[in-house]
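Asker: I would like the atomic coordinates for the input below:
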Amino acid sequence: MTPTTLLWLVTGCLMLQPLSTDLYLASLPNLASDFATTPAAVQQTLSLFVFGFGTAQLISGPLSDRFGRRPVLIGGLSVYLVSGLACALASSLDLLVAARFAQAIGCCTAVVVARAIIRDAYAPAEGARVLAKASSLLALAPILGPILGGYLQVSFGWRAAFVALALAGLAVWIAAWRSMKESNSQLNPQAMRPGSLGRTYLDVVRTSAFWAYALPGAISYASIFVFISGTPFVLIRVLGVATEYYGYLFAFGVCGYLSGTLICRRLLSRIGVDRVLTLGTTIGLIGGLGFLGLVLAGVSHWTLVVAAQFVVMTAHGINFPCAQSGSLAPFAQQAGAAAGLFGCLTMYAALLAGTWVGSSHDGTLLPLASISATVAVILFAGTRLMARHGTPA
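Answerer: Got it, this is the predicted structure:
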């Protein structure tokens, strides 16, 4: 594959994740009404997706080490397409949650293979720059996705969002089938054997350089998932934003993520991965604590929520390319397994954050602001603690 073809294919795979979580956000309050249930119950469509996404990566990563990136990617995209249609046809919340779990398995396979492809093709520093470039492109998904989702909800109802996701999966499936060449030149016949798989993950877990980047990456994703899971109810139900306008407000916040990836790309060659990560976590701390401080001071307006989201997502756009590339750098022949474990940690951190937000909703901004500030402090302190244990240059 040419660098351009590879970049677009990786971007398409990575784009499925934010589309799958963001496209139907404007429909969450309506799902609660249609199924006559609580916001916490409806958020299971997010939390079970995240759980499935995280858990399946532990298998899909080694699968791609054993059988190659291409067949595993094609299979994952096929699961994503079929389960997206099942979501659109679901007649109950339980069936929708189950279909979302299956959709997560297909989605995570595409994402983990995309990360492994980057590790196959590039050295760590160049891989971080490619991931930052892909992140800039895939920012279009969380920017445009909620806007499209809002209009789909108003015009056709919540099922239309899942039809759109199935069509997105079909487009990436066609691109992978036509364009992808196998990038794993060293298939590991032992990768899926229980003993070998256990040893592989044990090797990854024992590598301090993996944790030095994987933990900041996971906590950074949790920091934005606070807003992904919390803003639909806060903006629409608490602050009275119209459903069709929610997507625009969320998209503006996501522009911060795009800004962060551009900052990351510019600074990586100048100051290195570790110092860029330090900058990102500092910005996240300012955003989280500033949000909480203004809420405690009595500010209650949609502009505050959007501004806080913008700052926190800027920080994540800086942090995440560094974390992804740095966590995989030590693993030339175990990139799939390392990418799977990194993704698993990321999704479990998001699951905890989303569950925390859903259970604490009380009709005010305070829970959202408190959780955002807490996660920002943990990210800032944890990154520096791991740096003391020796991150690679």
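
Asker: list the helices and strands the worst-scoring helix or strand of the chain on mean pLDDT packs on?
Answerer: Scoring the helices and strands of the chain by mean pLDDT, DSSP states H and E places helix 124-138 at the bottom, with a mean of 72. Contacts defined by 3 or more CB pairs under 8 Å, 6 or more residues apart in numbering; DSSP states H and E place helix 124-138 against helix 3-22, helix 93-121, helix 243-296, helix 302-328. C-beta: built from backbone N, CA, C; applies to glycine.

Asker: tell me the helix or strand right after it.
Answerer: Downstream of helix 124-138, the next assigned helix or strand under DSSP states H and E is helix 140-156.

Asker: ok, and what's touching the least confident helix or strand of the chain?
Answerer: Contacts to helix 124-138, defined as CB atoms under 8 Å, 6 or more residues apart in numbering, come from residues 7-8, 10-11, 14-15, 18, 115, 118-119, 121-122, 257-258, 261-262, 264-265, 268-269, 273, 317, 320-322, 324-326, 328-329.

Asker: among the residues you listed, the buried ones, what's the ChimeraX command?
Answerer: Typed into ChimeraX, the line below selects the buried ones among the contacts of helix 124-138, using 16 or more other CB atoms under 10 Å:
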select :7,8,10,11,14,15,18,115,118,119,122,257,258,261,262,264,265,268,273,317,320,321,322,324,325,326,328,329
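
Asker: low-scoring pLDDT stretches of the stretch 1-150 of the chain, where are they?
Answerer: 1, 123-125, 128 (pLDDT under 70).

Asker: pLDDT below threshold where in the stretch 201-350 of the chain?
Answerer: Applying pLDDT under 70 to the stretch 201-350 of the chain flags the ranges 332-333, 335-336.

Asker: skip the chain neighbours and tell me the closest residue to P216.
Answerer: With CB to CB, 6 or more residues apart in numbering as the criterion, P216 has its nearest non-adjacent residue at 4.5 Å, and that residue is T383.

Asker: surely the one you found touches G217?
Answerer: No: contact criterion CB atoms under 8 Å: T383 and G217 do not qualify, at 9.9 Å.

Asker: quick check: neighbours shared by the two?
Answerer: What both T383 and G217 touch, as defined by CB under 8 Å, 6+ apart, is an empty set.

Asker: quick one: buried residues of stretch 277-296?
Answerer: Neighbour counts over stretch 277-296 (16+ other CB under 10 Å) mark 277-285, 287-292, 294-295 as buried.

Asker: kindly report the same for stretch 204-219.
Answerer: So, applying 16+ other CB under 10 Å, buried residues of stretch 204-219: 204, 207, 209-219.

Asker: still on that earlier bit, ok and the least confident helix or strand of the chain relative to helix 3-22, angle-wise?
Answerer: Per axes from the mean of the first three to the mean of the last three CA atoms, to 10 degrees, the angle that helix 124-138 makes with helix 3-22 is 60 degrees.

Asker: only C-alpha atoms, please: export helix 124-138 in PDB.
Answerer: Taking C-alpha atoms only, helix 124-138 is exported to PDB below (Å, rounded to 0.1, in the frame of the first residue of the first chain):
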ATOM      1  CA  PRO A 124       7.600   4.600  16.700                       C
ATOM      2  CA  ALA A 125       8.300   8.400  16.200                       C
ATOM      3  CA  GLU A 126       7.000   8.300  12.600                       C
ATOM      4  CA  GLY A 127       4.100   6.200  13.700                       C
ATOM      5  CA  ALA A 128       3.100   8.800  16.200                       C
ATOM      6  CA  ARG A 129       3.100  11.500  13.400                       C
ATOM      7  CA  VAL A 130       1.000   9.200  11.200                       C
ATOM      8  CA  LEU A 131      -1.500   8.600  14.000                       C
ATOM      9  CA  ALA A 132      -1.600  12.300  14.700                       C
ATOM     10  CA  LYS A 133      -2.400  12.900  11.000                       C
ATOM     11  CA  ALA A 134      -5.000  10.200  11.000                       C
ATOM     12  CA  SER A 135      -6.500  11.700  14.200                       C
ATOM     13  CA  SER A 136      -6.800  15.100  12.500                       C
ATOM     14  CA  LEU A 137      -8.800  13.500   9.700                       C
ATOM     15  CA  LEU A 138     -11.000  11.300  11.900                       C
END
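
Asker: ok now it, how far from the chain's centre?
Answerer: 15 Å (CA atoms, centre = their mean, to the nearest Å).

Asker: then stretch 210-226?
Answerer: Mean C-alpha position of stretch 210-226 versus that of the full chain (CA atoms, centre = their mean) differs by 10 Å.

Asker: and for stretch 231-248?
Answerer: Chain-centre distance of stretch 231-248: 22 Å, with CA atoms, centre = their mean.

Asker: list of residues touching it?
Answerer: Taking CB under 8 Å, 6+ apart as the rule, stretch 231-248 contacts 25-26, 28-30, 39, 145-151, 153-154, 249-250, 253, 300-302, 305, 309, 361, 363-365, 368.
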